[in-house]
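1. my questions concern the predicted model and sequence given below.
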Amino acid sequence: MRRLQVQNAAAWMITSARRRDHITPILLQLHWLPVRQRVDFKIAVLVLQCLTGHAPGYLTDDCQLAANASARRLRSADMAKCVVRRTYNNL
């Protein structure tokens, strides 16, 4: 919720709108995505950059298509899904 408040405050400041004004029309006028959709968009852009080789190496190594990750031909290779490597945290 804090990110949402920061986004709303930025929108009010940029448009010089009053705090009493509804934020939805202001966000639509600015063509800004809601916070959750913005996060999804950023993740999609990072995955695209990884798959096309335009992302840093440490990200590209962890993002591979299922078709390229396995030596055998799997049914999941036709779905164009990414393989998510398991990570371990030593807490």
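-> That came in fine, so what should we check first? In this text the structure is predicted, and so the values were computed from the model without any measurement. Numbering: from 1, shown residues only.
2. may I have the lengthiest helix in the chain as CSV, with CA atoms only?
-> Counting by DSSP state H, the longest helix found in the chain is helix 35-52. Only the C-alpha atoms of helix 35-52 are listed here, as CSV (Å, rounded to 0.1, in the frame of the first residue of the first chain):
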residue,chain,number,x,y,z
VAL,A,35,1.1,-0.8,-9.0
ARG,A,36,0.3,-4.5,-9.4
GLN,A,37,0.1,-4.3,-13.2
ARG,A,38,3.3,-2.2,-13.3
VAL,A,39,5.1,-5.0,-11.3
ASP,A,40,3.8,-7.6,-13.8
PHE,A,41,4.9,-5.5,-16.7
LYS,A,42,8.4,-5.0,-15.3
ILE,A,43,8.8,-8.7,-14.8
ALA,A,44,7.6,-9.4,-18.3
VAL,A,45,10.1,-6.9,-19.8
LEU,A,46,12.9,-8.5,-17.7
VAL,A,47,12.0,-12.0,-19.0
LEU,A,48,11.9,-10.8,-22.6
GLN,A,49,15.3,-9.1,-22.2
CYS,A,50,16.7,-12.4,-20.7
LEU,A,51,15.4,-14.5,-23.6
THR,A,52,16.7,-12.1,-26.2
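3. which strands and helices sit next to that helix?
-> Here helix 35-52 touches helix 2-15, helix 57-60, going by 3 or more C-beta pairs under 8 Å, 6 or more residues apart in numbering; DSSP states H and E. C-beta here means a position set from N, CA and C on the backbone, and glycine is covered the same way.
4. pick the most deeply packed of the ones you listed.
-> Highest mean neighbour count among those (mean count of other C-beta atoms under 10 Å): helix 2-15, with a mean of 13.
5. tell me how far it lies from the chain's centre.
-> 20 Å (C-alpha atoms, centre = their mean, to the nearest Å).
6. cool, and stretch 45-53?
-> That offset, for stretch 45-53, works out to 11 Å (C-alpha atoms, centre = their mean).
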